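Student: Structure for this input, please:
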Amino acid sequence: MNTCDLTGTLLNLDGTPMSFATITAYLNQPLGAPGARWPAEFTPGRNKVSTITNGAGAFTLTLAQGACVMVQLPDVEGVFELLVPSIASANLIGHLWPVVVSFDWAQLVADGDDWALSDMDDQALLELAVDSVINVCLRANYSNDTAAAFALTALSADPDPGFEEVDAVALAVTLAAPGDVVVTHTFEANAISVLAELPILLLPEASYDIPLPAALTIRFS
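Tutor: You can find the predicted model right below:
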């Protein structure tokens, strides 16, 4: 059975290490509960799994990949649901409370009746025929290996090609004559937007310790 080492460091509010504190995980449902689903290769037991931080506050909690568990942290009220990621190691806090770790450009494409994010390979220039349409969005990548698109208000295009809103998260960029359209990102100071139930902070670029992508040029020829 594959396992995932969930690591992290706990600190007290004054910045000192939370030494020799216990982190506990247990199943979020009893076996046989209605709606419970488990990977075919294992049946999880009912026992709790615990680990203890070292003198520096660091810990490793090893759990079965794919298990849905409840995590109890020391000195924190309540428990937190976690689907153990299907990778060998991950940061526990980054999966309990996802944060933005990087940005890139993406295309929002139709997938049946749903919209999906398509990787654009970080291209700085896209060549399209006149009157073609490309749905461009600014993709935020999170610490729990998920991704979401910024709201349309975070993007702008120059010159204005008469773009239309695409599902409230992308620009439908077109141009009637040959030329370049430059798509850029904009931010509102001290504003917070919640998208796809994950937090995105719309702050000045300098407030992030991560680079934002350069402007995207779409050339219509």
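Student: Please spell out which residue in the protein sits farthest from the middle.
Tutor: residue 177 (37.1 Å; Cα atoms, centre = their mean).
Student: which residues touch that residue?
Tutor: Applying Cβ atoms under 8 Å, 6 or more residues apart in numbering to residue 177 gives the contacts 130, 220. Backbone N, C-alpha and C define where each C-beta goes, glycine included.
Student: Domain parsing of the protein, as residue ranges.
Tutor: Domain assignment for the chain by automatic domain parsing gives 3-96, 100-220.
Student: Serialize those domains to a markdown table and add fields for mean pLDDT.
Tutor: Shown next, in a markdown table, are the domains of the chain (pLDDT from 0 to 100):
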| stretch | mean pLDDT |
| --- | --- |
| domain 3-96 | 85 |
| domain 100-220 | 79 |
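Student: okay, which residue is most central for the protein?
Tutor: Closest residue to the average C-alpha location of the chain: residue 142 at 2.5 Å, with Cα atoms, centre = their mean.
Student: tally of neighbours for the residue lying closest to that residue once chain neighbours are set aside?
Tutor: Nearest residue to residue 142, sequence neighbours excluded (Cβ to Cβ, 6 or more residues apart in numbering): residue 98, at 4.1 Å. Look at residue 98: counted by other Cβ atoms under 10 Å, it has 19 neighbours.
Student: which phi and psi does residue 98 have?
Tutor: phi -60, psi 140 (degrees, to the nearest 10).
Student: That one and residue 84, how far apart?
Tutor: Using Cβ to Cβ, to the nearest Å, we find residue 98 at a distance of 15 Å from residue 84.
Student: and what of residue 23?
Tutor: According to Cβ to Cβ, residue 23 stands 14 Å off from residue 84.
Student: So between those two, which is more surrounded?
Tutor: Counted by other Cβ under 10 Å, residue 23 and residue 84 do not tie: residue 84 has more neighbours, with 23 against 20.
Student: For the more buried one, give me its contacts.
Tutor: The neighbours of residue 84, taking Cβ under 8 Å, 6+ apart as the test, are 4, 6, 63, 64, 65, 66, 67, 68, 69.
Student: sorry, back to before: the residue farthest from the centre of the chain: what secondary structure?
Tutor: Taking DSSP: H, G, I helix; E, B strand; the rest coil as the rule, one finds residue 177 in the coil state.
Student: Understood, closing this out.
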